[in-house]
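>>> Sequence unavailable; structure follows:
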DNA sequence: TGACAAACCATGAAATCCCATGATAACCCA
DNA sequence: TGGGTTATCATGGGATTTCATGGTTTGTCA
């Protein structure tokens, strides 16, 4: 499948401090994955599935909108482009924040996002392949433990982890 | 497909005050997205789908008109192109207001538009990717909550997050 | 000449930039 | 391979700029 951007990879988990001003360092490896992008920063919004923040590079966002726009335009459905029937992308656009890096590679966590994820003084950056998440460390630890346990159980029962 | 403007110009939600004269600051990030246009301001009209104001830059308007023309010409519908039968784009053009920025990046909300959206003293600027909307904050909050809730439900049922 | 809109100017709060520091990890050479 | 040196990186705080907001004055059209 043709994609308009390079597939970046986010791996592993890093816990960083949130300072008094609400700033957090994005882990250097994550920044490196985005270093070639024209926009230096990340797009973030409250995860729909977890009590966390979902994030990725701007390229991913452009791709999403481009696809939608191309589709409606190709069908001659300009009206769709104007009406914006309330689909997922529209809803996410409204919640999404553009978080540019400062000179030191930090981002400023918007209060709304921090609260949605229950983040106060520390933030866990969790790699998820093409995107990553930001959790309150304690919340993530529990979540991860549950995930691992249920995977192990399933493996033992089915001998199959898919 | 080549397009003359960036696909994702408007992101996130900003709530600003409407002063006694009916002026509101357009969020700086939105202004930045329009900064290269020759016309410094926005096009706005009452949304046909929501209780809100729909808005975008001139580039979008011209793009739409161009596309419509291309399509009708391609279909051999010259008559339509000339006569301009009453389609959605025509209807919208008739309702649309041109709202120029003042020196500080504010626009003056026409009473008609403000009333249509139920806006009084505060206005929520909601990014929708290629365009944006202006809502009464309370109305939008409800609307967004509904959208997110139904998305979450759908996610849980389908197990499909794309 | 009166009402309204546009340009102009002022201000406080918040975001951004810039520099400093300590800790850790990578490196290099004997 | 060990031990010291250097580079990277997370973190903190102060200085500076941006930005939203409010008011005043000037211009314009009915």
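Received the coordinates, thanks. Quick caveat, the model's predicted, so the values are computed rather than measured.
>>> hey, let's count contacts and neighbours off CA atoms from now on
Noted.
>>> next one: phi and psi at the nearest residue to residue A:46 once chain neighbours are set aside?
Excluding the flanking residues, the one nearest residue A:46 by Cα to Cα, 6 or more residues apart in numbering or on different chains is residue A:53, at 4.6 Å. Main-chain dihedrals, residue A:53, degrees, to the nearest 10: phi -110, psi 130.
>>> Just give me the neighbour total for residue A:53.
Using other Cα atoms under 10 Å in any protein chain shown, residue A:53 has 25 other residues around it.
>>> Could you report the distance from it to residue A:133?
5 Å (Cα to Cα, to the nearest Å).
>>> From the chain's centroid, how far away is the helix or strand residue A:98 falls within?
According to DSSP states H and E, residue A:98 maps onto strand A:97-100. Strand A:97-100 sits 11 Å away from the centroid of its parent chain (Cα atoms, centre = their mean, to the nearest Å).
>>> Adjacent strands (with direction) for the next helix or strand after it?
Downstream of strand A:97-100, the next assigned helix or strand under DSSP H and E is strand A:106-108. Using DSSP bridges, strand A:106-108 pairs in its sheet with strand A:23-25 (antiparallel).
>>> Is the strand holding residue A:98 in proximity to chain B?
Yes. Interface with chain B: strand A:97-100 contributes A:97-98 (Cα under 8 Å from any Cα of the partner chain).
>>> what lines up beside that strand in the sheet?
Here, using DSSP bridges, strand A:97-100 pairs with strand A:41-46 (antiparallel).
>>> can you list contacts of the strand it pairs with?
Outside strand A:41-46, the residues that touch it by Cα atoms under 8 Å, 6 or more residues apart in numbering or on different chains are A:34, A:52-58, A:61, A:92, A:95-101, A:107, A:113, A:116-117.
>>> Can you say which of those are buried?
A:34, A:52-58, A:61, A:92, A:95-99, A:101, A:107, A:113, A:116-117 (16 or more other Cα atoms under 10 Å in any protein chain shown).
>>> quick one, helices of chain A?
A:28-33, A:58-74, A:78-83, A:88-95, A:111-117, A:137-158 (DSSP state H).
>>> Adding mean pLDDT, write those out as TSV.
Listed next are the helices of chain A as TSV, based on pLDDT from 0 to 100:
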stretch	mean pLDDT
helix A:28-33	96
helix A:58-74	80
helix A:78-83	58
helix A:88-95	92
helix A:111-117	96
helix A:137-158	94
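>>> Would you agree residue A:97 is in contact with residue B:12?
Yes. In this structure residue A:97 lies within contact range of residue B:12 using Cα atoms under 8 Å: 5.3 Å.
>>> Nearest residue to the middle of chain A?
residue A:55 (1.8 Å; Cα atoms, centre = their mean).
>>> check contacts around residue A:24.
A:16-18, A:106-109, A:123 are the contacts of residue A:24 under Cα under 8 Å, 6+ apart.
>>> Need the pLDDT of it.
Looking at residue A:24, its pLDDT stands at 98.
>>> measure it to residue A:9 for me?
20 Å.
>>> burial count for the residue of chain A found nearest DNA strand C?
Across chain A, no residue is closer to DNA strand C than residue A:102, which sits at 4.2 Å (Cα to the nearest atom of the strand). Using other Cα under 10 Å, residue A:102 has 13 neighbouring residues.
>>> Look up how far residue B:27 lies from it.
In terms of Cα to Cα, residue A:102 sits 20 Å off from residue B:27.
>>> And for residue A:125?
Distance from residue A:125 to residue B:27, by Cα to Cα: 29 Å.
>>> The two: which is more packed in?
Set residue A:125 next to residue B:27 and count neighbours by other Cα under 10 Å: residue A:125 wins out with 26 against 18.
>>> show me the contacts for the more buried one.
A:13-16, A:26-27, A:132-135.
>>> so what's it bridging to?
residue A:14, residue A:134.
>>> per-residue confidence for it?
Reported pLDDT for residue A:125: 98.
>>> quick one: the nearest residue to the residue nearest to the centre of chain A once chain neighbours are set aside and DNA strand D, what's the gap?
Leaving aside its sequence neighbours, residue A:55 sits nearest to residue A:44 (Cα to Cα, 6+ apart; 4.3 Å). For residue A:44, the distance to DNA strand D (Cα to the nearest atom of the strand, to the nearest Å) stands at 18 Å.
>>> burial measure for residue A:142, as a count.
Residue A:142 has 10 nearby residues by other Cα under 10 Å.
>>> do the same with residue A:12
12.
>>> Contacts only, for it.
A:126-127.
>>> And for residue A:11?
A:30, A:126-129.
>>> out of the residues you listed, which is most surrounded?
residue A:126 leads those on contacts (other Cα under 10 Å) with 25 neighbours.
>>> State the pLDDT value of the closest residue to it other than its chain neighbours.
Nearest residue to residue A:126 in three dimensions, chain neighbours excluded: residue A:13, at 4.5 Å (Cα to Cα, 6+ apart). In this model, residue A:13 is scored at 96, pLDDT.
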